[in-house]
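> quick one, structure for this:
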Amino acid sequence: MMCSLCIRHICRPARSAIGTAPWVDVPCTWMARDSLNRHQRTDTHSQAKLLKANRLAPRNLVGQLEEMGSLQKSARIAAFKNLYWLMKQEVPHTTNYLPLNDLGK
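Predicted coordinates for the structure are as follows:
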């Protein structure tokens with residue numbers, strides 16, 4: 001078993017050579033709850049969790065506004081795709097457009 005979080009963020013113990021770190025380069029072969037808990041308590045795994053949290057959190061207000069803008073843009077694109085589909089099927093958009101968008105939500 002390998003730790004996908006540690007692999008993704010390339011967090012291996014300082015004392016391990018590249019290619020020999022358990023949980024990152026070499027699968028752990030001792031499947032006991034204690035070995036899993038021990039790995040979760042290591043500094044390298046904690047560092048990988050911090051890197052993941054920093055990557056997911058928006059840096060500032062500008063990042064939050066950009067994320068909100070991209071969500072609104074995606075919603076507009078989906079609405080236009082629904083309208084395009086209705087027109088291609090020659091279905092009156094006045095009766096089916098809003099229920100189709102509700103279905104998409």
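> can you map out the helices along the protein?
With DSSP state H as the criterion, the chain has helices at 4-8, 33-40, 43-56, 61-88, 93-104.
> deepest-packed of those, please.
helix 4-8 (a mean of 16; mean count of other CB atoms under 10 Å). Backbone N, C-alpha and C define where each C-beta goes, glycine included.
> sorry, back to before: right, and the helices of the chain - which one's nearest Ser16?
Minimum separation from Ser16 across the helices of the chain (CB to CB) falls at helix 43-56, 9.1 Å.
> can I see the domain layout of the chain?
Listed domain ranges for the chain are 4-56, 63-104 (source: automatic domain parsing).
> rank the ones you listed by mean pLDDT and give me the bottom one.
For those, mean pLDDT drops lowest on domain 4-56, to a mean of 75.
> if I look at Ala17, how far off is Val24?
For Ala17, the distance to Val24 under the criterion CB to CB, to the nearest Å works out to 11 Å.
> of those two, who's got more company?
Remark: of Ala17 and Val24, Val24 carries more neighbours, 26 against 9, as counted by other CB atoms under 10 Å.
> wait, isn't Val24 in contact with Cys6?
Yes - if you go by CB atoms under 8 Å, Val24 and Cys6 touch, sitting 5.0 Å apart.
> what's the overlap in contacts for the two?
Taking CB atoms under 8 Å, 6 or more residues apart in numbering as the contact rule, Val24 and Cys6 both touch Arg12.
> contacting residues around Arg41?
Taking CB under 8 Å, 6+ apart as the definition, Arg41 has no contacts.
> distance of it from Tyr84?
53 Å.
> go on, Met2?
Counting by CB to CB, the gap from Met2 to Tyr84 is 45 Å.
> likewise Leu5?
41 Å.
> likewise Val26?
52 Å.
> same deal with His9?
Counting by CB to CB, the gap from His9 to Tyr84 is 41 Å.
> with Cys3 instead?
Shown here: Cys3 relative to Tyr84, a distance of 45 Å by CB to CB.
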